[in-house]
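Enquirer: below are the sequence and a predicted model for it; my questions follow.
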Amino acid sequence: MGSHSISLLKPSNSYIIFVSIIVLQACHHLIICHVMPPSPPPSQDLIFLDPRLAAVYPVIQKFKNTITADPLGITNSWVGPDICHYQGFYCDNPPDNLTATALAAVDFNGYHLGAPTLEGFVDQLPDLAIFHANSNNFSGVIPQKIAQLPYFYELDVSNNNFSGAFPASVFGITNLSFLDIRFNAFTGSVPLQVFKQSLDVLYINNNNFMQKIPIDFGSTRVLYLTLANNKFTGPIPRSIGNASSTLIEVLFLNNQLIGCIPYEIGFLRKATVFDAGGNYLTGQLPCSLGCLDKIEQLNFAGNYLYDEIPEVVCSMPNLLNLSLSNNYFNYIGPLCRKLVKSGVLDVRMNCIAGLPNQRPYYECAKFYFHSFWFRWFCPWQYLMSVIPCKINSTYPRRPPGARTTSVTYPALIRHRLL
């Protein structure tokens, strides 16, 4: 009797297993229901400030679902109909209807968001004018349809994970004035077409571009240009003088440029910054550089330049920094010596007798022994002493407070927001 009662109280093993499976399945469904985030309400159930904002709401929510990294919790604010207060999104009145409210700009600078592509997002925001995304982890390609956005004029995807060929999609953007793709892994050549676009700013530094600078480079309309830290080869084209009415700052530094400094650089009368340091340039400094009335920063350090530094080069009225270190110059006159003392001219590691921090004698002797072969690369040697302007020693200097702050040098800093 006792043993029979006990057998009624103890369920069979098969029963225990069956009940356990039922309980586990129930718990599993409960866990799924608890963890899955609630789906955003359909846009037709929300009240938007403007129909244009209602149209981009599903685009933003779809992009939000592709985000793979959001360490700062930026997307937590991308909820509800008030798109103009989403973090990183900015609204304005579109040009075609000044009484409407539309999404005009997206600024993700420094957010460290991750997503496998921008396609289906940037190119699907019809009133977008500005997209800035410095220091994120976006990859893929720049959407082709971005060229169809009628008001778009600024694109910054610097310091991301983009790669491959130069993004050809930018060529169709009619009003593009600002293009920043620095600190990515783009490779190959840069189409000449981009230099001919009416850009104010073109930053393509710190990629893996490999090509000769186009021979008609001087047709560029760009005002501020950085080609630094790539693998550009060949000489600086003599056509650069044709950019006299546009080019204000240009950075060629740390590439693989060869040949002599073209005399035509002296025609860049608007230039305030010219930097070709860290290349393989050779020959003499052209006297035409003395015509750069507005130049403030001039850098040819780290090349193979030689002979004397022309006094006229040291007479530029607004010069703040003339960097000629790590070359093979052998003489400077009194005006240049004055700039050395004031800290404006840097001639360390050259071959100038009587100055400190110069190259050893044997190193200079070896270089000049072979200097004949370097001269052979300067077919326009006769132009090196030509001054294509009237040098006025009384040219008015800009007051200290009027000195400009460089636009291009900050682009050499990876996380710098421009």
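Expert: Noted; the coordinates are in hand. Predicted model only: the values in this text are computed from it and were never measured. Numbering: from 1, shown residues only.
Enquirer: wasn't Phe209 part of a strand?
Expert: Yes - counting by DSSP: H, G, I helix; E, B strand; the rest coil, Phe209 falls inside a strand.
Enquirer: which residues does it contact?
Expert: Phe166, Phe186, Thr187, Gly188, Ser189, Val190, Leu227, Asn230, Lys231, Phe232 (Cβ atoms under 8 Å, 6 or more residues apart in numbering). No exception for glycine: its C-beta is placed from N, CA and C like everyone else's.
Enquirer: cool, Tyr224 as well?
Expert: Asp200, Val201, Leu202, Tyr203, Ile248, Glu249, Val250, Val407, Thr408.
Enquirer: quick check, central residue of this structure?
Expert: By Cα atoms, centre = their mean, the chain has its centre lying nearest to Arg182, at 3.1 Å.
Enquirer: wait, isn't Thr220 in contact with Lys196?
Expert: Yes - counting by Cβ atoms under 8 Å, Thr220 touches Lys196, with 6.7 Å between them.
Enquirer: mind listing the strands in the stretch 51-200 of the chain by residue range?
Expert: Under the criterion DSSP state E, counting those that start in this stretch, the stretch 51-200 of the chain contains strands at 89-92, 102-107, 114-115, 130-132, 137-138, 154-156, 163-164, 178-180, 185-188.
Enquirer: ok, which of the ones you listed comes nearest Gln297?
Expert: strand 178-180 (20.4 Å; Cβ to Cβ).
Enquirer: elements contacting that closest one?
Expert: strand 154-156, strand 201-203 (3 or more Cβ pairs under 8 Å, 6 or more residues apart in numbering; DSSP states H and E).
Enquirer: coming back round to it: neighbour count winner among Thr220 and Lys196?
Expert: Counted by other Cβ atoms under 10 Å, Thr220 and Lys196 do not tie: Thr220 has more neighbours, with 23 against 16.
Enquirer: do you know how far the more buried one is from Asp156?
Expert: Remark: distance between Thr220 and Asp156 (Cβ to Cβ, to the nearest Å) = 20 Å.
Enquirer: still on that earlier bit, need the buried ones from the contacts of Tyr224 selected in PyMOL.
Expert: In PyMOL, this line selects whichever of the contacts of Tyr224 come out buried by 16 or more other Cβ atoms under 10 Å:
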select buried, resi 200+201+202+203+248+249+250+407+408
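Enquirer: any idea what Gly259 is bridged to?
Expert: For Gly259, the beta-bridge partners under DSSP bridges are Leu281.
Enquirer: retrieve the pLDDT associated with it.
Expert: Gly259 is assigned a pLDDT of 93 by the prediction.
Enquirer: any idea how far it is from Lys212?
Expert: According to Cβ to Cβ, Gly259 and Lys212 sit 11 Å apart.
Enquirer: more neighbours: which of the two?
Expert: Per other Cβ under 10 Å, whichever of Gly259 and Lys212 has more neighbours is Gly259, with 18 against 15.
Enquirer: so that one sits against Ala276, correct?
Expert: No - here Gly259 does not reach Ala276: they are 10.9 Å apart, not a contact under Cβ under 8 Å.
Enquirer: spit out the residues that contact the two alike.
Expert: Ile236.
Enquirer: which ones among the contacts of Phe209 are found in helices?
Expert: Members of these lying in helices (criterion: DSSP state H): none.
Enquirer: just the buried members of these?
Expert: For those, a burial check counting by 16+ other Cβ under 10 Å picks out Phe166, Phe186, Val190, Leu227, Asn230, Phe232.
Enquirer: mind putting the residues you listed in CSV, pLDDT and distance to Glu119 included?
Expert: Below are the buried ones among the contacts of Phe209 laid out as CSV (pLDDT from 0 to 100; distance: Cβ to Cβ, whole Å):
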residue, pLDDT, distance to Glu119
Phe166, 97, 17
Phe186, 97, 17
Val190, 96, 23
Leu227, 98, 28
Asn230, 98, 26
Phe232, 98, 30
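Enquirer: and Asp50, what pLDDT?
Expert: Asp50 is assigned a predicted lDDT (pLDDT) of 96.
Enquirer: cool, and the one 10 residues further on?
Expert: With respect to pLDDT, Ile60 has a value of 98.
Enquirer: same deal with Ser43?
Expert: 57.
Enquirer: could you list the low-confidence segments of the stretch 301-418 of the chain?
Expert: Low-confidence segments of the stretch 301-418 of the chain, defined by pLDDT under 70: 372-377, 392-403.
Enquirer: no further questions, thank you.
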